[in-house]
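> Sequence and predicted structure are below.
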Amino acid sequence: MTRYILSRVLSAIPVLFVVSLVTFLLMWLVPGDVASQIAGPDATAAELEAIRQRLQLDQPIHIQAFRWYGNLLQGDLGQSYLLHRSVVDAVFERLPVTLSLAFMSLVLAVIFGVLLGVLAATNHNNWIDQVTMTGALLGLSLPDFWFGLVLIFFFAVGMGWFPTGGYTPFTESPLGWLRSMTLPACTLAFTQMGVIARMVRSSMLEQMGQDYIRTAKAKGLPRGLVLFKHALRNALIPVITLVGIMTGLLLGGTVVIEVVYSLPGVGRLIIGAIQNRDYPIVQGGLLMTAGIFVFVNIAVDILYTIVDPRVRNDR
Amino acid sequence: MTVEATVPDISASRAWVAHLKQGLGTAARHRSIQVGGALFGFIVLLAIFADLIAPFDPNKNNFRALLSAPDAVNIFGTDAFGRDILSRVIHGTRLSLLVGLLVVVATGVLGVIVGTLTGYVRWLDGPVMRVMDGLMAFPGILLAIALAAVLGPSVTNAALALTITFTPRTARIVRGSVLVLREMPYVEAAKACGASHARIVLKHILPNALPPLIVQLTFVFSVSILAEAVLSFMGVGPPPPTPSLGNIIAEGRSYIQEAPWVALMPGIAIAMTVLGLNIIGDGLRDTLDPRLRNL
């Protein structure tokens, strides 16, 4: 087990290397002169030169890459031009909002996704199954940012139950925090719920065709016990993998949702930085989000081997 | 040639191609493909004949009908410049489909090249797939937004950003098929007959790697349409006043209270297009690739 965990963690190194390289090279995709893009059209030659020196754009690329990696290994992602502070600080300050939004949506999506999946599987091929699965398919066909606007229109503008946007920190008012996070979390959860419901349904149907279920039924166990104690427990194993994949979708999805609901998370930080051409923030935000994603997936893989020991022997 | 004609691998390969054709034939009779196909086909027709069908010029301002509610003249209402939402949505759908198509073609070509090379050429597998893994470590939409932003807002750059984002996933699927097919007895037989690598890959391996690829590309299509809308909404897609569905929603966001139709209508258009594609994708998965049915 220790060997598996170790090899899994080590396998993240080349991935993280490519991630950092892509982030570094992103600056090189900027067409034209980066300095004049940052400074704007009215910049003087001296201002441009100052920016170039500060960003070391006057150095050859391998020197720049060397410095970038040197700083990166020391946990330094550079300074934001606009916020006048380090990128790491700026991202870390915003991280709790993004992570709590992603986590809330994940919990909601898993709870309702599993419930709907089980509901559909136990009503295989009748109208409940069809309605649930059509709903799931519709859910994953909706543009999430648009669905967020629809929820704002009905529940914030129409009913007035929730604020139309903005963020109340938990430390300021727990209830206000919950109110500001409910619609965003529901928006993200709704579009992800369908994916889980579909997976749980097919996984559950597969388990229900297995011999051990027939045995359990044959020895006269009540239907509920067979379904929930036997079938569901095994049906949920693949869902763990899905949670890893969904973390990526959620971390990406929060970017868009934070903009729709004006939440001060990492996503809105990155989008704001893109608009202001504050490239170190864009790079740092991307790198840290990808890093989180990589480590969540390692954690999910390890969790998977604990839940399903068969996997350990396969690898 | 005469030697090969007597070897069963050729017939096996042809049988597989016939199998694919038969699979597509079965697919055409599959109910969800018919339903999804009808929905998506209708939207494609609207997009192709956008110039004929759209009642107004999508960029023509009408200052006598600003933010007017849906009525007999402007069926979907008008926006803050008095532009007809229906016409803008029809043209926006055309743009969405165009971007989706570009991404599907580019991702398909690149995915096949990268997937085949990594699956077939052993020494390429490690390094190239590590790069693909690295690209996949970014949350997809975030990478696409960053790439599109850095490249600059335009239709081609949006398509390019999405292609870079979706190619690794497609390549991985092709690689998976190639790894399995490479070990098939009929490929071994072809090798024994002295078939060249090009012939083995093009005639024996690729045709059989197609079914899962087709299924994957259907989903790339639908995800690209959703992602293009996000890029436009974020202001890094095709720049306004281009009627892209994301742009229209972004503009409508400011008027969500007094004129909700501006933001609502294009969203419904996206949802219907993507829903049609997803229904087709589900049907194709059922008929072409039973192994993936549980995913």
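The structure has been received and is ready for your questions.

> which element is residue A:20 on?
helix A:12-26 (DSSP states H and E).

> model confidence over that helix, on average?
Here helix A:12-26 scores 88 as its mean pLDDT.

> what residues are up against the nearest residue to residue B:205 once chain neighbours are set aside?
Closest residue in space to residue B:205, ignoring its immediate chain neighbours: residue B:181 at 4.7 Å, by Cβ to Cβ, 6 or more residues apart in numbering or on different chains. Heads up, the C-betas are built off the backbone N, CA and C, glycines and all. Neighbouring residues of residue B:181 by Cβ atoms under 8 Å, 6 or more residues apart in numbering or on different chains: B:187, B:204-205, B:208-209.

> how about the helices of the stretch 1-150 of chain A, start to end?
All helices of the stretch 1-150 of chain A, identified by DSSP state H, counting those that start in this stretch, fall at A:2-10, A:12-26, A:34-39, A:45-55, A:61-73, A:87-122, A:127-139, A:144-151.

> Tell me, what's the model's pLDDT at residue B:279?
Turning to residue B:279, the model gives it a pLDDT of 91.

> so how far is residue A:207 from the residue nearest to it when sequence neighbours are not counted?
In space, residue B:279 comes closest to residue B:36 once its chain neighbours are excluded; the distance is 3.0 Å by Cβ to Cβ, 6+ apart. Taking Cβ to Cβ, to the nearest Å as the measure, residue B:36 and residue A:207 are separated by 28 Å.

> who has more neighbours, those two?
Neighbours per residue (other Cβ atoms under 10 Å in any protein chain shown) separate residue B:36 from residue A:207, with residue B:36 holding more: 23 against 20.

> That one contacts residue B:283, doesn't it?
Yes. Proximity of residue B:36 to residue B:283 meets the contact threshold set by Cβ atoms under 8 Å, at 6.3 Å.

> Report how many residues lie close to the residue in chain A that chain B sits nearest to.
Chain B sits closest to residue A:18 of chain A, with a gap of 2.3 Å, by Cβ to the nearest Cβ. By other Cβ under 10 Å, the residues close to residue A:18 number 20.

> who touches residue B:67 in this structure?
Shown in contact with residue B:67 (Cβ under 8 Å, 6+ apart): B:77-80, B:82, B:255, B:258-259, B:262.

> how far away is it from residue B:242?
As for residue B:67, its distance to residue B:242 is 20 Å (criterion: Cβ to Cβ).

> and if you look at residue A:136?
Using Cβ to Cβ, we find residue A:136 at a distance of 33 Å from residue B:242.

> in the stretch 151-295 of chain B, which ranges drop under the pLDDT threshold?
For the stretch 151-295 of chain B, residues meeting the criterion pLDDT under 70 lie at B:289-295.

> got the residues of it near chain A?
Within the stretch 151-295 of chain B, the positions adjacent to chain A are B:151-152, B:222, B:226, B:229-230, B:233-236, B:249, B:252-253, B:256-257, B:260, B:263-264, B:266-267, B:270-271, B:274-275, B:278-279, B:282, B:293-295 by Cβ under 8 Å from any Cβ of the partner chain.

> Buried ones from those residues, can you make that a PyMOL selection?
Those of those that count as buried under 16 or more other Cβ atoms under 10 Å in any protein chain shown are selected in PyMOL with:
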select buried, chain B and resi 151+152+222+226+229+230+233+234+235+236+249+252+253+256+260+263+264+266+267+270+271+274+275+278+279+282
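
> Is it correct that residue A:217 is in contact with residue A:225?
No. Residue A:217 lies out of contact with residue A:225 (Cβ under 8 Å); the separation is 10.1 Å.

> Of the two, which one has the most company?
Between residue A:217 and residue A:225, counted using other Cβ under 10 Å, the more crowded position is residue A:217 (14 against 11).

> element containing the more buried one?
helix A:211-218.

> residues in contact with the next helix-or-strand element following that helix?
Heading C-terminal from helix A:211-218, the first helix or strand you meet, by DSSP H and E, is helix A:223-225. Helix A:223-225 has contacts (Cβ under 8 Å, 6+ apart) with A:216-217.

> can we see that at 7 Å?
Applying Cβ atoms under 7 Å, 6 or more residues apart in numbering or on different chains, helix A:223-225 turns out to have no external contacts.

> Give me the packing partners of the next helix-or-strand element following that helix, helices and strands only.
Following helix A:223-225 in sequence order, the next helix or strand is helix A:233-235 (DSSP H and E). Where contact means 3 or more Cβ pairs under 7 Å, 6 or more residues apart in numbering or on different chains; DSSP states H and E, helix A:233-235 is packed against helix A:174-208.

> Scan the contacts of residue B:181 and report the most crowded one.
residue B:205 (25 neighbours).

> Doesn't it lie inside a helix?
Yes. According to DSSP: H, G, I helix; E, B strand; the rest coil, residue B:205 belongs to a helix.

> residues contacting it?
Neighbours of residue B:205 in contact, by Cβ under 7 Å, 6+ apart: B:178, B:181-182, B:187.

> Could you tell me how many residues sit around residue B:128?
18.

> how near is it to residue B:135?
Relative to residue B:135, and taking Cβ to Cβ, residue B:128 is found at 11 Å.

> likewise residue B:269?
Taken as Cβ to Cβ, the span from residue B:269 to residue B:135 is 30 Å.

> what sits against residue B:151?
Contacts for residue B:151 (Cβ under 7 Å, 6+ apart) come out as A:29, B:157, B:160-161.

> centroid residue for chain A?
residue A:251 (2.1 Å; Cα atoms, centre = their mean).

> isn't that one right up against residue A:294?
No. Taking contacts as Cβ atoms under 7 Å, residue A:251 lies outside contact range of residue A:294: 11.0 Å.

> Near the residue in chain B positioned nearest to chain A, how many other residues are there?
Chain B approaches chain A most closely through residue B:134 (2.3 Å), counting by Cβ to the nearest Cβ. The local packing of residue B:134 (other Cβ under 10 Å) involves 22 other residues.

> do residue B:86 as well
Using other Cβ under 10 Å, residue B:86 is surrounded by 20 other residues.

> again, but for residue A:28
That count, for residue A:28 with other Cβ under 10 Å as the rule, works out to 10.

> Contact distance from chain B - what residues of the stretch 1-150 of chain A qualify?
Neighbours of chain B within the stretch 1-150 of chain A, by Cβ under 7 Å from any Cβ of the partner chain: A:14-15, A:18-19, A:22, A:26, A:29-31, A:137-138, A:140-143, A:145-146, A:149-150.
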